[in-house]
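1. Prediction below, plus the sequence it came from.
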Amino acid sequence: MHQIRWLLLRGAGLLGLTAGLARAESADVVIYGATPSGIAAAIAAAKGGHTVLLAEPTIRIGGMTTNGLSHPDFRAFEALSGTYHELTLRTLAYYRKTYGPDSQQVKDTFRGTHAEPKVNLLLFQQLLAEHPKITVRTQWTLAGARTRGPAGNRWVQAAHFRDPAGKEHVFEGKILIDATYEGDLIAAAQVPYRVGVESRDEYGESAAPEDSSGDLQGYNFRLTMTQDPANRVMPVAPRGYRREDFAPLLDLIAAGKIKQAFGGYTDRDNVLKAQIPILPNGKRDINDVSNGFVRLSLPGDQLMWPEGDAATRQRIYDEHVLWNVGLIYFLQNDPAVPAAMREPARTWGFCRDEFVETGHLPPQLYVREARRMVGLRVFTQNDTPHAPGDARAILHRDAIAIGEYGHSSHGTRHEGSRFGGKRHGEGLGVVYAPYQIPYGTIVPKDVRNLLAPVPVSASHVGFCAIRLEPAWTSLGQAAGHAAHLALQQESPDVRALNVAQLQRLLHADRSATLYVNDVPRDSPDFPAVQWWGAAGGLHGLAPKPAGSPRGKAIQGQYSEGWLNHAADLARVLDATLASRWEALGRELGLPVEKLPKADGRTTRGDWIRAAFRAGG
């Protein structure tokens, strides 16, 4: 098995000797990483009545959702549920209240899914403030973890943090959750993990390369920029800028390969991609150009980030500032850049009212992939294809979340010059349907009180299908509810949970474990339909579409609901389906003889509701 690792933090042995110098504090649940996943976990645990410490190593909570990734990665609106969907509702409410219900700002939220970074930050802060059992600490970095117990049945006794002043804080938690992009807590707890790409043969994944490697997806900034002069701050030359490092751009411009600095969603002759739709108040999420000639991401330059110390990560962060901002500065200011390109480029600038405390640049780099735990269940490409003859993906009865963006890889290796060259590992081309994510992907094999909803147990190809904020947020919500259930045990063990109970909590909290395009989160039927779908009742209702399984395109990457994924609750229950459902009901221990019959009047909805009342 390639590159399964664990990390003993430098000086970890000293932590046990010095722990007495810091008074131990405690919380029922200790979460490291105030990403959207970590926030969702904290809220779910607090709803269960538990005290929570939410420790964030940077100055800003919210992960990439507050650090420039304002163009979220999903396909169909119906796929958003739980805490992430709650954020979209609050986004709509904020802009309606602030600017008026018919304002352009409300329209530009794209049904509440797109917001300015500062607004996402505010809304997350408000969400957390509603739960007094949650204590939030920013700029608390993990210094180590103390574990106890025999191999195969260990538990994390305490996590050690350092605040900005260098003071150590020791927190003992009954359940701990790693919600960091890097997987720092699982490493400190000596949980096996991997960094890199598996070979095609290891898990039988057609999208994997022939050979394994230590490659990782490239990182870059998700910049927030504007063309509004009143809110525009022009980029300046970053520290270490040298014109000669960017001058090769001129050859690509002269050859006609680069025709514009900023381009649209489908353009490939540009350096920076302005995502669509536009954000409220004239802002844009600026990203790397997939398959472009010059990229913001730097595969290879980030390889030391996952296991690097603070100084290593700062160096890599600075290198990406130099490259990302340096490209913009060169295109906007170098006299050798044709005026026809330079002048339009100069209409763009950073937003004066965003990231004020960090010079209008996000304090977080977009870490697309780092450590991945090796847990109870490894999620792979084989978890996402259509079930035979079915519109739906293969069934996972232990699902705790869904995904539907697909296997998104942003390139894992670059061959040749940064100005051209060849990108490897990009665009995996996997055919899939909306998929379920099993509980075991967030559970270690040998630690009883630790969950990992972000550095999940997955192959590289599988991780590419999970590593999107809506899916991560759902996994975090599941982790919070799982912590609550584990804390009901006399001796908490997250490996021994009743997943059906966890699913019921998630469904009651309006978080989906199966994609259904016609029963929305606010429907009174949502818990019943999700329960029946998790059991397998909605599989086999419709065949795989002959063409694309996605609905009608709306804009950019977004489309209407996935085809053939409806429950059709108003449809009359036919005898064939009734027979199949009754067989499944018997398997689940339902009193099938007391349920409605297929009499020409009973609908699918009638039967599911009755079954849910009887046994759900």
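-> That came through, no problem. Residues are numbered from 1 along each chain as shown.

2. ok, and for stretch 388-400, which residues are buried?
-> 390, 391, 392, 393, 394, 395, 396, 398, 399, 400 (16 or more other Cβ atoms under 10 Å). In this view, the C-beta of every residue, glycine as well, is placed from N, C-alpha and C.

3. Just the ones of those residues in strands?
-> Secondary structure from DSSP state E places 399, 400 of these in strands.

4. Out of the buried residues of stretch 388-400, the closest to residue 55 would be?
-> residue 400 (23.5 Å; Cβ to Cβ).

5. Using JSON lines, lay out the buried residues of stretch 388-400 together with distance to residue 543 and pLDDT.
-> Shown next, in JSON lines, are the buried residues of stretch 388-400 (distance: Cβ to Cβ, whole Å; pLDDT from 0 to 100):
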{"residue": "390", "distance to residue 543": "7", "pLDDT": "98"}
{"residue": "391", "distance to residue 543": "6", "pLDDT": "98"}
{"residue": "392", "distance to residue 543": "10", "pLDDT": "98"}
{"residue": "393", "distance to residue 543": "14", "pLDDT": "98"}
{"residue": "394", "distance to residue 543": "15", "pLDDT": "98"}
{"residue": "395", "distance to residue 543": "16", "pLDDT": "98"}
{"residue": "396", "distance to residue 543": "20", "pLDDT": "98"}
{"residue": "398", "distance to residue 543": "25", "pLDDT": "98"}
{"residue": "399", "distance to residue 543": "22", "pLDDT": "98"}
{"residue": "400", "distance to residue 543": "27", "pLDDT": "99"}
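
6. Could you dump the buried residues of stretch 388-400 into CSV with distance to residue 151 added?
-> Formatted as CSV, those follow (distance: Cβ to Cβ, whole Å):
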residue, distance to residue 151
390, 42
391, 44
392, 40
393, 36
394, 33
395, 34
396, 29
398, 25
399, 30
400, 27
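
7. what about the strands in the stretch 201-350 of the chain?
-> For the stretch 201-350 of the chain, the strands defined by DSSP state E, counting those that start in this stretch cover 223-226, 232-233, 260-263, 270-274, 283-287, 349-351.

8. deepest of those strands, which one?
-> Compared across the strands of the stretch 201-350 of the chain, strand 223-226 shows the largest average neighbour count, a mean of 24 (mean count of other Cβ atoms under 10 Å).

9. outside of it, which residues touch it?
-> The contact list for strand 223-226 (Cβ atoms under 8 Å, 6 or more residues apart in numbering) reads 68, 70, 116-117, 232, 272, 274, 279, 281-286, 324, 348-351, 354-355, 361-362.

10. Stretch 357-364 now?
-> The contact list for stretch 357-364 (Cβ under 8 Å, 6+ apart) reads 58-60, 63-64, 67-68, 117, 221-224, 233, 321, 325, 350-352, 354-355.

11. Report the buried members of the residues you listed.
-> Neighbour counting with 16+ other Cβ under 10 Å marks 58, 60, 63-64, 67-68, 117, 221-224, 233, 321, 325, 350-351, 354-355 as buried within the contacts of stretch 357-364.

12. From residue 313, how far off is the closest residue in space to residue 121 that isn't next to it in sequence?
-> Distances taken as Cβ to Cβ, 6 or more residues apart in numbering put residue 66 closest to residue 121, at 4.2 Å, once the chain neighbours are dropped. Residue 66 is 19 Å from residue 313, where distance means Cβ to Cβ, to the nearest Å.

13. out of these two, which sits in the busier spot?
-> Each of residue 66 and residue 313 has its neighbours counted (other Cβ atoms under 10 Å); residue 66 has more, 30 against 19.

14. and the more buried one, what does it touch?
-> Contacts of residue 66 (Cβ under 8 Å, 6+ apart): 60, 117, 118, 120, 121, 124.

15. any idea how far residue 115 is from the closest residue to the third one other than its chain neighbours?
-> In this structure, residue 118 finds its nearest non-sequential neighbour in residue 354, 5.8 Å apart by Cβ to Cβ, 6+ apart. Distance of residue 354 to residue 115, given as Cβ to Cβ: 12 Å.

16. Am I right that residue 308 is in contact with residue 316?
-> Yes - using Cβ atoms under 8 Å, residue 308 is in contact with residue 316, at 7.1 Å.

17. For the residue positioned nearest the centre of the chain, list the residues it contacts.
-> In the chain, the residue lying closest to the centroid (Cα atoms, centre = their mean) is residue 469, at 2.6 Å. By Cβ under 8 Å, 6+ apart, the residues touching residue 469 are 36, 37, 63, 64, 65, 69, 72, 73, 84.

18. do the same with residue 536
-> The contact partners of residue 536, by Cβ under 8 Å, 6+ apart, come to 395, 397, 584.

19. Give me the phi and psi for the last one.
-> The reference is to residue 584. phi -70, psi -40 (degrees, to the nearest 10).

20. neighbours around it, how many?
-> Residues lying near residue 584 (other Cβ under 10 Å) number 17.

21. And it, how close does it get to residue 109?
-> Distance, residue 584 to residue 109, using Cβ to Cβ: 40 Å.

22. next one: the second one
-> Computed as Cβ to Cβ, the residue 397 to residue 109 distance reads 36 Å.

23. quick one: average confidence on stretch 333-347?
-> Averaging pLDDT along stretch 333-347 gives 98.

24. all strands for the stretch 451-600 of the chain, in order.
-> Counting by DSSP E, counting those that start in this stretch, the strands of the stretch 451-600 of the chain are 553-555, 558-559.

25. Just want the phi and psi numbers for the residue nearest to residue 121.
-> phi -110, psi 0.

26. same check, this time on residue 136
-> Dihedral pair for residue 136: phi -110, psi 130, per degrees, to the nearest 10.

27. partner residues bridging it?
-> Residue 136 has the following beta-bridge partners by DSSP bridges: residue 54.

28. quick one, what contacts it?
-> 34, 54, 56, 61, 128.

29. okay if I get those as TSV plus secondary structure?
-> Shown next, in TSV, are the contacts of residue 136 (DSSP: H, G, I helix; E, B strand; the rest coil):
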residue	secondary structure
34	coil
54	strand
56	strand
61	coil
128	helix
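
30. Farthest pair within these?
-> Among the contacts of residue 136, 56 and 128 lie farthest apart (Cβ to Cβ), at 10.9 Å.

31. So for those two, which sits in the more crowded spot?
-> More neighbours surround residue 56 than the other of residue 56 and residue 128, with 24 against 20 (other Cβ under 10 Å).

32. leaving aside the residues next to it on the chain, what's closest to residue 477?
-> Nearest non-adjacent residue to residue 477, counting by Cβ to Cβ, 6+ apart: residue 40, 4.1 Å away.

33. Sort out for me which of the buried ones among the contacts of stretch 357-364 are in helices.
-> 117, 321, 325 (DSSP state H).

34. confidence score at the last one?
-> On pLDDT, residue 325 comes in at 98.

35. Do I have it right that it meets residue 239?
-> No - checked against Cβ under 8 Å, the pair residue 325 and residue 239 is beyond contact range at 9.5 Å.

36. ok, residue 290 - how many residues close by?
-> Residue 290 has 17 neighbouring residues, counting by other Cβ under 10 Å.

37. Offset the numbering so it begins at 60, please.
-> In the new numbering, first residue 60, that becomes residue 349.

38. Surely it touches residue 469?
-> Yes - counting by Cβ under 8 Å, residue 349 does reach residue 469; the two are 7.1 Å apart.

39. which residues are common contacts for the two?
-> Contact with both residue 349 and residue 469 is made by residues residue 485, according to Cβ under 8 Å, 6+ apart.

40. Report the contact partners of the residue nearest to residue 607 when sequence neighbours are not counted.
-> Leaving aside its sequence neighbours, residue 607 sits nearest to residue 622 (Cβ to Cβ, 6+ apart; 7.9 Å). By Cβ under 8 Å, 6+ apart, the residues touching residue 622 are 450, 604, 607, 608, 609, 610.

41. Kindly report the same for residue 349.
-> Residue 349 is in contact with 332, 469, 470, 485, 486, counting by Cβ under 8 Å, 6+ apart.
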